[in-house]
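Q: generate a structure from the sequence data that follows.
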Amino acid sequence: MIARGDVTVDGRTVELGARVLPDSQVSIYGEPLGQEATKLIYLAIDKPVGYVCSRRQQGSSPTIYELLPPDYRPLKAVGRLDRESSGLVLLSNDGDFAFRMTHPKFMKTKVYELLLDRELEPLHQQMIADYGVSLDDGVSKLGLARLSDDNRRAWQVTMSEGRNRQIRRTFASLGYTVETLRRTQFGGYSLHDIKNNEPTLVDMR
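A: Model prediction:
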């Protein structure tokens, strides 16, 4: 947070190594720290299709915050899923946690299950998994594993990047449509952490 310029001492942005006096006023994201530390919360939800990971409603699409009890609505989404995708979404008020989970340098593994509109040709499977596919924002290389020995439409995708709609765009570049896309794992968290299909508090790992 200090490196990103999110911490001030007595109104001035500080750098790593700065010293703080006992009577200094330290603020993070512009909010002064009190005598008691803010309770950090880590929440996992199973996002349904049709919801957006935004505080602001987009058209007629509801937001994920409508799924949360009022006490958890100030939390920020850690990594997003598009409206047509479902699965694991994390929320927290811990900015450092969000940074470590989403910045590319930390290489957090994400696992998805998807269903294509038609069978994936072996050549295209090799292109995606071994060589990568060229997109407008660079090469996209995905780990692929079949979910069933007799079904070449259903696949597990493993990746550590997080470019906008990367999986959908990768398959679309080869003429496929992703009919369903569901995130099952994000870093050390998985859908198994969610109890009774309800927003679930999880331990930071």
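Q: please report how far the spatially most distant residue from the centre of the chain lies from residue 10.
A: Computed with C-alpha atoms, centre = their mean, the maximum C-alpha offset from the centroid of the chain is found at residue 23, amounting to 38.1 Å. The spacing between residue 23 and residue 10, counted by C-beta to C-beta, to the nearest Å, is 9 Å. Bear in mind the C-beta positions are built from the backbone N, C-alpha and C, glycine included.
Q: who are the contact partners of the residue nearest the centre of the chain?
A: A centroid search over the chain (C-alpha atoms, centre = their mean) returns residue 79, at 2.3 Å, as the residue closest to the centre. Contact analysis of residue 79 by C-beta atoms under 8 Å, 6 or more residues apart in numbering lists 89-90, 101-102, 110, 162, 186.
Q: change it to 6 Å
A: residue 102 (C-beta atoms under 6 Å, 6 or more residues apart in numbering).
Q: ramachandran coordinates for it?
A: The phi/psi pair for residue 79 (degrees, to the nearest 10) reads phi 80, psi 140.
Q: one step back: now do the residue farthest from the centre of the chain against residue 41, distance only.
A: On the measure of C-beta to C-beta, residue 23 and residue 41 end up 30 Å apart.
Q: repeat for residue 95
A: 12 Å.
Q: just to revisit the earlier point, from residue 30, how far off is the residue farthest from the centre of the chain?
A: Distance from residue 23 to residue 30, by C-beta to C-beta: 20 Å.
Q: what's the answer for residue 135, then?
A: For residue 135 relative to residue 30 (C-beta to C-beta), the value is 37 Å.
Q: neighbour-wise, which of these two wins?
A: Set side by side, residue 135 and residue 30 show more neighbours around residue 135, with 15 against 7, by other C-beta atoms under 10 Å.
Q: show me what the more buried one bridges to in the sheet.
A: Bridge pairing for residue 135 (DSSP bridges) gives the partners residue 138.
Q: try residue 89
A: residue 45.
Q: distance check, it against residue 117.
A: In terms of C-beta to C-beta, residue 89 sits 25 Å off from residue 117.
Q: the more surrounded of those two?
A: residue 89 (24 against 11).
Q: return the residues in contact with that one.
A: 45, 47, 81.
Q: I'd like those as a markdown table, with distance to residue 5 and neighbour count appended.
A: Below are the contacts of residue 89 laid out as a markdown table (distance: C-beta to C-beta, whole Å; neighbours: other C-beta atoms under 10 Å):
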| residue | distance to residue 5 | neighbour count |
| --- | --- | --- |
| 45 | 30 | 22 |
| 47 | 31 | 21 |
| 81 | 28 | 23 |
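Q: residue ranges with poor pLDDT in the chain?
A: Within the chain, the stretches with pLDDT under 70 are 34-37, 204-205.
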